[in-house]
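[1] no sequence for this one, just the structure:
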DNA sequence: GTCTATAAGACGATAGAC
DNA sequence: GTCTATCGTCTTATAGAC
């Protein structure tokens, strides 16, 4: 509009566009794509429904934009790892980062789960490429650790799936966990406790816990 | 109708009712409640749509019937456990049963996950009562094992969640796993391998794996 | 119990004034 | 860019003949 700064129509980063995206996340989180309603998204964002369609032509476009944002969050959260790294440090770091991600972005975690659950039609490109590469990269490093005798023999994929599933579970089955704990909200302490507990279990799986590896001094650095 | 056997209208167990229920499961599996369409369910069951409404007055009723059937499956699958039981045997048995359940009823697993993911509104009674009791019962036994020195100290709830999440993951993220494995179908062998791998990891978490417990002969029964 | 036809309303999307 | 009014379609559910 202004002569100085011309904004592209529907440019990424418009304030109202962000408001609508945020409202859409909340709607998709609890209703999925099929159950989501454009009217409810408009109401949540406090704009007329037609305004939503101005920024996102179709419901499909809006959903895709939400998913892309989530994948962007993933990508900037988990660093690459190397076979020379200390296994205990890397594993503890991964568990802590994953738990923290779930705590900070439970909504993103649930929408991602929902999409994968229903067949991942809108994510097939991501799942077949970046996601698969990411997993194989980590699995390869874990294999090397096993080959070098740094950790006990373990199926690398199942170890990754175990960590992945356990952390996702806290977001995706939040209702179930609240029921079991008889709480109405999960606190920061609950997440910290989960991170510590899961880290301990993962280290035991790899034979890296302090009591078991008393003889292997090189692996004891992470112990107090 | 007949003078000999009078059937209740909409009685549980009618053949056509079962056909419709089965079709509904397939529809809810990939579309969720909001995305499911009564017309598609009718088409899958190969009956006119009005016939579906004859057996299940509303979409809500049909969905509730599907959920009840799933809970029934859960209930008859997992036996109670006791603190006097052998921890290794019980844990291996639980992992194997859970993996087998996921393999036999991936549809039930996915619908249950979907319902919990979206807030479990139709399951709140089950989650708050039977489900919570089930979990506390198992957690209590695990606590006793820890107290009696039968297994390493471990958070009982997180151990249960870990097993639960890891097994569910195989059904609920099937697409993701197929992508990583670059397969179009998961085979019986994949499930057997998962059961064996997860059992090994769980035993290590509890300090019950063969190599670690070489001194504890009483716990070696499960080793070949 | 079964099935065709249709009611009643909700839904995504758009036209067009401002 | 914004917003009201509305279009055409899809969807659940029912009425009523057989």
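    Alright, I've got the coordinates. These figures come from a predicted structure and were not determined experimentally.

[2] what number of residues lie near the nearest residue to residue A:32 once chain neighbours are set aside?
    Leaving out its chain neighbours, the residue that sits closest to residue A:32 by C-beta to C-beta, 6 or more residues apart in numbering or on different chains is residue B:32, at 4.4 Å. Backbone N, C-alpha and C define where each C-beta goes, glycine included. By the measure other C-beta atoms under 10 Å in any protein chain shown, the count of residues near residue B:32 is 24.

[3] in terms of helices and strands, where is residue B:32?
    helix B:15-35 (DSSP states H and E).

[4] what about that helix, near DNA strand C?
    Yes - when contact is scored as C-beta under 7 Å from any atom of the strand, part of helix B:15-35 falls within range of DNA strand C: residue B:16.

[5] what packs against that helix?
    helix A:15-35, helix B:38-45, helix B:49-55, helix B:59-75, helix B:106-117 (3 or more C-beta pairs under 8 Å, 6 or more residues apart in numbering or on different chains; DSSP states H and E).

[6] so what touches it?
    Helix B:15-35 is contacted by residues A:31-36, A:114, A:118-119, B:10-11, B:36-37, B:40-42, B:44-47, B:51-52, B:55-56, B:59, B:62-63, B:65-66, B:69, B:107-108, B:110-111, B:114, B:118 when judged by C-beta atoms under 8 Å, 6 or more residues apart in numbering or on different chains.

[7] and those residues, which of them are buried?
    A:31-33, A:35-36, A:114, A:118, B:36, B:40-42, B:44-45, B:47, B:52, B:55-56, B:59, B:62-63, B:65-66, B:69, B:107-108, B:110-111, B:114, B:118 (16 or more other C-beta atoms under 10 Å in any protein chain shown).

[8] if we check DNA strand D, which of the residues you listed are in contact?
    Near DNA strand D, by the rule C-beta under 7 Å from any atom of the strand, you find B:36, B:59 out of the buried ones among the contacts of helix B:15-35.

[9] ok so, going back, out of the helices and strands packed on helix B:15-35, which is closest to residue A:141?
    helix B:106-117 (29.7 Å; C-beta to C-beta).

[10] right, is that closest one up against chain A?
    Yes - against chain A, helix B:106-117 shows contacts by C-beta under 8 Å from any C-beta of the partner chain at B:110, B:113, B:114, B:116, B:117.

[11] quick one: neighbours of the closest residue to residue A:39 other than its chain neighbours, just the number.
    What sits nearest to residue A:39 in space, not counting adjacent residues and going by C-beta to C-beta, 6+ apart, is residue A:49, at 5.6 Å. Look at residue A:49: counted by other C-beta under 10 Å, it has 14 neighbours.

[12] ok now do residue A:49, which residues does it touch?
    Taking C-beta under 8 Å, 6+ apart as the test, what residue A:49 contacts is A:38, A:39, A:42.

[13] could you check how many residues crowd around the second one?
    Counted by other C-beta under 10 Å, the residues lying close to residue A:39 total 12.

[14] which pLDDT value belongs to the residue of chain A found nearest DNA strand D?
    With distances taken as C-beta to the nearest atom of the strand, chain A approaches DNA strand D most closely at residue A:50, which sits 3.1 Å away. On the pLDDT scale, residue A:50 is placed at 98.

[15] next: the one 4 residues further on.
    Among the per-residue scores, residue A:54 shows a pLDDT of 97.

[16] tell me the buried residues in stretch A:77-94?
    The neighbour-count check on stretch A:77-94 (16+ other C-beta under 10 Å) flags A:81, A:86, A:87, A:88, A:90, A:91, A:92, A:93, A:94 as buried.

[17] for the residue sitting nearest the centre point of chain A, what are its contacts?
    Compute the mean C-alpha point of chain A, and by C-alpha atoms, centre = their mean the closest residue is residue A:109, 5.1 Å away. If a contact means C-beta under 8 Å, 6+ apart, then residue A:109 has A:101, A:102, A:168, A:171, A:172 as its contacts.

[18] next, format the contacts of residue A:49 as CSV and append pLDDT.
    Below are those laid out as CSV (pLDDT from 0 to 100):
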residue, pLDDT
A:38, 98
A:39, 98
A:42, 98
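
[19] restrict the residues you listed to those near DNA strand C?
    Within the contacts of residue A:49, those near DNA strand C by C-beta under 7 Å from any atom of the strand are A:38, A:39.

[20] no further questions, thank you.
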